[in-house]
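Q: I'll drop the sequence and a predicted model, then ask my questions.
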Amino acid sequence: MLRPIKIVITRRKELNKNPVEGFSAGLIDDNDLYRWEVLIIGPPDTLYEGGVFKAHLTFPKDYPLRPPKMKFITEIWHPNVDKNGDVCISILHEPGEDKYGYEKPEERWLPIHTVETIMISVISMLADPNGDSPANVDAAKEWREDRHGEFKRKVARCVRKSQETAFE
């Protein structure tokens, strides 16, 4: 079995060789392979279009058996991102059965997932929020009841702010 550190290095090399559109990723500190910074470009034809959102991926020592944690550093208003920036999507949930019966085991973390599959899921989440299982109940309520009003205004403010602070 490959040691987790070797897997992280391998995944980083794969990502550098085959970049995926919509995000870039790299180490926060060259001496710490477990902490990555990602820049996510808001997907076209969504309320997040034009945004440049910074997030951190933190890999556990027993990666890939357990999922990384993802946290937006840039402020973002989204039903599946809690107010502290923590991302809540199935692919980042611990493997196995969901004790609440909401998610199927195959929707949760599997060791075959990569930074690319995580980021594709996050970009998809931005385009199509899951209002049935929100991390931010207030954002989910606005998304359901006033998507083109208050929700849109808050997202637009986050997009503008992300553009101003993207490369700080």
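A: Yep, that arrived.
Q: What is the longest strand of the chain by residue count?
A: Longest strand in the chain, counting residues (DSSP state E): strand 32-41.
Q: List of residues touching it?
A: For strand 32-41, contacts defined as C-beta atoms under 8 Å, 6 or more residues apart in numbering pick out 5, 8-9, 12, 22-29, 51-61, 63, 73, 115, 119, 122-123, 126, 166. To be clear about C-beta, it is placed using only N, CA and C from the backbone, and glycine gets the same treatment.
Q: Count the neighbours of residue 115 for me.
A: Burial of residue 115 is recorded as 20 neighbouring residues (other C-beta atoms under 10 Å).
Q: isn't it right up against residue 26?
A: No. When contacts are counted by C-beta atoms under 8 Å, residue 115 is not listed as touching residue 26 (10.3 Å).
Q: ranges for the strands of the protein?
A: 23-29, 32-41, 52-58, 69-72.
Q: which helices and strands does the shortest one pack with?
A: Spelled out, it's strand 69-72. Strand 69-72 is packed against strand 52-58, with contacts defined by 3 or more C-beta pairs under 8 Å, 6 or more residues apart in numbering; DSSP states H and E.
Q: If we go by neighbour counts, what in the strand it packs on is buried?
A: Within strand 52-58, the residues that count as buried by 16 or more other C-beta atoms under 10 Å are 52, 53, 54, 55, 56, 57.
Q: what about the second one, distance to residue 70?
A: Pointing back at residue 53 there. 11 Å (C-beta to C-beta, to the nearest Å).
Q: dump the residue contacts of the closest residue to residue 36 other than its chain neighbours.
A: Once flanking residues are discounted, residue 36 sits nearest to residue 57: 4.3 Å by C-beta to C-beta, 6 or more residues apart in numbering. By C-beta under 8 Å, 6+ apart, the contact set of residue 57 is 25, 35, 36, 37, 38, 68, 69, 70, 115, 118.
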